[in-house]
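Enquirer: Please find the sequence and the predicted model below.
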Amino acid sequence: MSFFISNAWAEAAPAASQGSPLTSLLPLIILFAVFYFMLIRPQMKRAKEHRKLVAELAKGDEVITSGGMGGKVTNVGDSFITVEIAEDILVKVQKDAVTSVLPKGTLKEA
């Protein structure tokens, strides 16, 4: 019966290729580059623009705060501004709470 079954001999396993360490790190480097250009860099740009907007606030600017209030800046301090949201109604808010500066006359139209 053994003449019907041939012997199966195991072949030697192929030698594992020893690539450079750079090829194993390449996907990680590419992933970091994608994260940098898609997430980190745009966020840094927005933060820089917001710092510039806050630094250039002046009396008479019409602003929108992060809480959604709109009003005219009446006083600018080091870290706080006073915003007039209606006639004779003044609110003191942090400068960082300002999200945008509106064109002059925008709030009069509303």
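Expert: Perfect, I can see it now.
Enquirer: Can you tell me the centre-most residue of this structure?
Expert: Closest residue to the average C-alpha location of the chain: Gln43 at 2.7 Å, with C-alpha atoms, centre = their mean.
Enquirer: okay, it: pLDDT?
Expert: Gln43 carries a pLDDT score of 96 in this model.
Enquirer: a strand runs through it, doesn't it?
Expert: No: checked against DSSP: H, G, I helix; E, B strand; the rest coil, Gln43 lies outside a strand; its state is helix.
Enquirer: measure it to Leu26 for me?
Expert: With distances taken as C-beta to C-beta, to the nearest Å, Gln43 is found 25 Å from Leu26. C-beta coordinates here come from the backbone N, C-alpha and C atoms, glycine included.
Enquirer: Phe37 too?
Expert: 17 Å.
Enquirer: Doesn't Arg51 lie inside a helix?
Expert: Yes: the assignment for Arg51 by three-state DSSP puts it in a helix.
Enquirer: shift numbering so it begins at 3
Expert: In the new numbering, first residue 3, that becomes Arg53.
Enquirer: Give the burial count for it, as a bare number.
Expert: Counted by other C-beta atoms under 10 Å, the residues lying close to Arg53 total 12.
Enquirer: Mind splitting the chain into its structural domains?
Expert: If you go by automatic domain parsing, the domain ranges for the chain are 23-58, 60-112.
Enquirer: so how far is the first one from its chain's centroid?
Expert: Between the centre of domain 23-58 and the centre of its chain there are 8 Å (C-alpha atoms, centre = their mean, to the nearest Å).
Enquirer: Sort out which residues of that domain are buried, please.
Expert: Residues of domain 23-58 classed as buried: 55-56 (neighbour count, 16 or more other C-beta atoms under 10 Å).
Enquirer: Please name every helix or strand in contact with the lowest-mean-pLDDT helix or strand in the chain.
Expert: Taking mean pLDDT, DSSP states H and E as the measure, the helix or strand of the chain with the lowest value is helix 108-111, at a mean of 79. Using 3 or more C-beta pairs under 8 Å, 6 or more residues apart in numbering; DSSP states H and E as the contact test, the elements touching helix 108-111 are strand 72-78.
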